[in-house]
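K.L.:
Fold the following and give me the result.
(3 chains)
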Amino acid sequence: MLKIKNCIVLLLGIFMLNTAIAEVPEPTIPDTFAKNKVVLQISDRDPFKQTLVLNVANNLMKHYGADLDIEIVAFGPGVRLLLDGNVNTKRIKPMMEAGVRFSACANTLGNFGKKLGKKPDVMEGATIVPAGAARILQLNAAGWQVLKP
Amino acid sequence: MLKIKNCIVLLLGIFMLNTAIAEVPEPTIPDTFAKNKVVLQISDRDPFKQTLVLNVANNLMKHYGADLDIEIVAFGPGVRLLLDGNVNTKRIKPMMEAGVRFSACANTLGNFGKKLGKKPDVMEGATIVPAGAARILQLNAAGWQVLKP
Amino acid sequence: MLKIKNCIVLLLGIFMLNTAIAEVPEPTIPDTFAKNKVVLQISDRDPFKQTLVLNVANNLMKHYGADLDIEIVAFGPGVRLLLDGNVNTKRIKPMMEAGVRFSACANTLGNFGKKLGKKPDVMEGATIVPAGAARILQLNAAGWQVLKP
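P.N.:
Numbers count the residues shown, from 1 in each chain, chains lettered A, B, ... in the order given. Next up is the predicted model:
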């Protein structure tokens, strides 16, 4: 009896692990031929920093034109930039359509969930990465420049 | 009649474009033999960060002596560090004389101008660069280390 | 008489200089075989940033496991993270035991000392480095990635 119970617990564990992995897959390095590859970091509490990071992305798009790849990585209090229904949705949507990627930190969303009793939803089009800080280090190691506005 | 009007608009456009380009020329990479080349970024709203970025510049100058090149790039709310009549003028002047470069973001100055009705003046000795963020990336790609105090 | 006095002043100067050097030795690059070498910078006034930098360190430790070396460098208002009796002592201690290094900026401690009338003590296990900014640049030049949460 005990063995069967252990087996069920083990199978359940594997199932949950797979679900967790399926939920937040390890991110890959984006395919790009752009010469300018930039990660913009947002991790501040000050809401103006959300405006600033989007301003900087727009300025870089004007400056470099098509020869640019941008990923905006949000973690800590900065993850609010990407929550469902956020005040910048109308600015972010066309940037997503123009090819800017947006990544939200799963660790932070988990912490928010513990406080709110429910993991908050991220806006459509944003990608959830396991750890925002690790995502920045991963892109940086692959030759992306990191800027924190 | 319409054609002449179009032509005038076009010429005016070219003239204004040239003026804009003349006003904010594309910055170059400074000539330097220094082993330590450092960009200090200031883009925060907190006025104390203006004190801190100058403290860090002074500490690095003490630490590395002559074998150092510093450029302080200000954008977003951080551009206040370099507005004409700013509170740190007396600290900045001798640093300029010691060779520290100060760059102010034209995009930010344009945004300030829209709010104030008039583009603010920058202090004498500061350079206006087209985009502060792009300036940091340009220097970083040329081997400069970036630090945001 | 004047010559003897000068000589005493000179000797005293040399003694004080040596004491200062003995107090804050030039830091070395840590020996490490880890593939992931990360400097986390803390220099903000916002106390929440102290929580965030420790969260990021913990997330990276979970993410990379043993193949990771972390040094947290505190300067400016961020040095409060490492003062003796700080509120995060219970979180920092086990991180130190797990191999995370903590460095506090001697320049900042000196400035705090001028304001308080007495140089504050740093917590046991933290290392004092001559200049926090220079420490970050030194590690970065040696191949460490820098992240400012």
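K.L.:
Roughly how far does the residue nearest the centre of chain A sit from B:W144?
P.N.:
Nearest to the mean C-alpha position of chain A, by Cα atoms, centre = their mean, lies A:S103 at 1.8 Å. A:S103 sits 27 Å away from B:W144 when distances are taken as Cβ to Cβ, to the nearest Å. In this view, the C-beta of every residue, glycine as well, is placed from N, C-alpha and C.
K.L.:
The residue nearest to the centre of chain A in helix, strand or coil?
P.N.:
At A:S103 the chain is in strand, as set by DSSP: H, G, I helix; E, B strand; the rest coil.
K.L.:
Tell me how far it lies from chain C.
P.N.:
14 Å (Cβ to the nearest Cβ, to the nearest Å).
K.L.:
pLDDT score for that residue?
P.N.:
At A:S103, the model reports a pLDDT of 98.
K.L.:
Please name the bridge partners of it.
P.N.:
For A:S103, the beta-bridge partners under DSSP bridges are A:V73, A:T127.
K.L.:
List the residues that contact it.
P.N.:
Applying Cβ atoms under 8 Å, 6 or more residues apart in numbering or on different chains, we find A:S103 in contact with A:27, A:71-74, A:126-129, A:132, A:135.
K.L.:
A:R91 too?
P.N.:
A:R91 touches A:L54, counting by Cβ under 8 Å, 6+ apart.
K.L.:
What strand or helix carries it?
P.N.:
Using DSSP states H and E, A:R91 sits within helix A:89-97.
K.L.:
now could you export just the CA positions of that helix as CSV?
P.N.:
C-alpha atoms of helix A:89-97 as CSV (Å, rounded to 0.1, in the frame of the first residue of the first chain):
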residue,chain,number,x,y,z
THR,A,89,-0.9,48.8,-22.7
LYS,A,90,-1.6,51.2,-25.6
ARG,A,91,2.0,52.1,-25.9
ILE,A,92,3.3,48.6,-25.5
LYS,A,93,1.0,46.9,-28.1
PRO,A,94,2.5,48.7,-31.2
MET,A,95,6.0,48.2,-29.9
MET,A,96,5.3,44.4,-29.7
GLU,A,97,4.0,44.6,-33.3
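K.L.:
Now A:P30: phi and psi?
P.N.:
phi -60, psi 140 (degrees, to the nearest 10).
K.L.:
Secondary structure of A:N107: a helix, I assume?
P.N.:
Yes: counting by three-state DSSP, A:N107 is part of a helix.
K.L.:
and it, how many neighbours does it have?
P.N.:
23 (other Cβ atoms under 10 Å in any protein chain shown).
K.L.:
correct me, but it touches A:F75?
P.N.:
Yes: A:N107 is in contact with A:F75 according to Cβ atoms under 8 Å; the separation is 7.3 Å.
K.L.:
what is in contact with those two at once?
P.N.:
A:131-132.
K.L.:
Name the residues of chain A found near chain C, please.
P.N.:
A:43, A:45, A:75-77, A:107, A:111, A:130-131, A:133-134, A:136-137, A:140-141, A:146, A:148 (Cβ under 8 Å from any Cβ of the partner chain).
K.L.:
Tell me the buried residues in the host helix or strand of A:L52?
P.N.:
Secondary structure assignment for A:L52, by DSSP H and E: helix A:48-64. For helix A:48-64, a neighbour-count test (16 or more other Cβ atoms under 10 Å in any protein chain shown) marks A:49-61, A:63-64 as buried.
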